[in-house]
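>>> What follows is a predicted structure for the sequence shown.
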Amino acid sequence: MTSQRTRQRLIGRLMEQGVKNHRVLDVIRTTPRHIFLDEALSHRAYEDTALPIGYGQTISQPYIVARMTEILMNTGKLDKVLEIGTGCGYQTAVIAQLAGEVVSVERIKPLLEKARRNLKLLGLRQVELKYADGSLGWKEKGPFDAILTTAAPQQIPGELLGQLADGGRLIIPVGGEAGQDLQLITRHGDEFQTETLQKVRFVPLLSGKSVG
Ligand code: SAH
C-alpha cells in the first residue's frame, strides 16, 4: 500500500495531468503521505484525491499540491513562504523541502498540533506554525516571496496582498463552495497582476479562530 510502485503510479498520474517540475515530482514521491492520515484511510494515501482529516477538513489532492507548488517554483524565488490553512501539514511538508523558511497558519488547534507532530516526524525543522486566523496573514514574518492559501475566501483578503514582497506571488482559490477559480497574483511595486489559472475545489476560508 505504501510501496514504491504505488507511489510511482501517483507520479505517473500527476505527469499525465501536466505536472512537469522534476523537483516537485521527486518531493511528492518521497514524502510519506500516509503518515498524514488516520490509520483507517492510510491505504488510500497514494490515490490522487482529497481525503478527510477530521474537523470537517481535508488533506489536499496531490495534483493540487503539486500544481500550486510548481507554479510558485516556476515564477520566482521561494526564500520566505507563508501558507494559510496548515491542516495536517501535507502541503507544508512538500513546500518546506523546496523553499527556504516556511511559516503556516491554521485556525483549528488540534489540526495544528497534528501538523506539528507530522512535520517533526519528517525532521522538517525550518517550519514555524501558528494557531490564528490566516486571513490576517503573519505580518511580523513578512514580506513573503510566496503566499499559498489552501482554503477559499469569497474575496482576496487585503492583508495577504500587503504582505507580499516586490515580485512576490499569492496563489489562492477564490469563490464559493460549489467551486473556485485558482488565481495567481504577482506584486510589482504597488501594482498587482492577476491571472486566473483553473477551476478548483477547496474548503472555505473561515474567519476567526475555531474554539474547542
Ligand atoms: N494544506 C492542507 C489543506 C488543509 S484544508 C493540506 O496540505 O492538506 C484547509 C485548511 O484551512 C483547514 O485545515 C482549515 O481549518 C484551514 N482554514 C480555513 N480557514 C482558515 C483561516 N481563516 N485561517 C487559517 N486556516 C484556515
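Nice, I can see it.
>>> Could you confirm whether stretch 23-41 reaches the ligand?
No - Stretch 23-41 does not reach the ligand (C-beta under 6 Å from any ligand atom); its nearest approach is 7.1 Å. C-beta coordinates here come from the backbone N, C-alpha and C atoms, glycine included.
>>> Enumerate the residues of this structure near the ligand.
Residues of the chain lying close to the ligand by C-beta under 6 Å from any ligand atom are 57-60, 65, 84-88, 90-91, 105-108, 111, 133-135, 150-151, 203, 205-207.
>>> so of these, which ones are in strands?
Per DSSP state E, strands hold the following members of the residues of the chain next to the ligand: 57, 58, 59, 84, 105, 106.
>>> Make JSON lines out of those and add neighbour count, distance to residue 28 and pLDDT.
Formatted as JSON lines, these follow (neighbours: other C-beta atoms under 10 Å; distance: C-beta to C-beta, whole Å; pLDDT from 0 to 100):
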{"residue": "57", "neighbour count": "17", "distance to residue 28": "20", "pLDDT": "96"}
{"residue": "58", "neighbour count": "18", "distance to residue 28": "17", "pLDDT": "96"}
{"residue": "59", "neighbour count": "22", "distance to residue 28": "13", "pLDDT": "97"}
{"residue": "84", "neighbour count": "26", "distance to residue 28": "21", "pLDDT": "98"}
{"residue": "105", "neighbour count": "23", "distance to residue 28": "23", "pLDDT": "98"}
{"residue": "106", "neighbour count": "31", "distance to residue 28": "21", "pLDDT": "98"}
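>>> Out of the residues you listed, the closest to residue 128 would be?
Minimum distance to residue 128 across those is 9.8 Å, recorded for residue 105 (C-beta to C-beta).
>>> which ones are touching the closest one?
Contacts for residue 105 (C-beta atoms under 8 Å, 6 or more residues apart in numbering) come out as 82-86, 129-134, 137-138.
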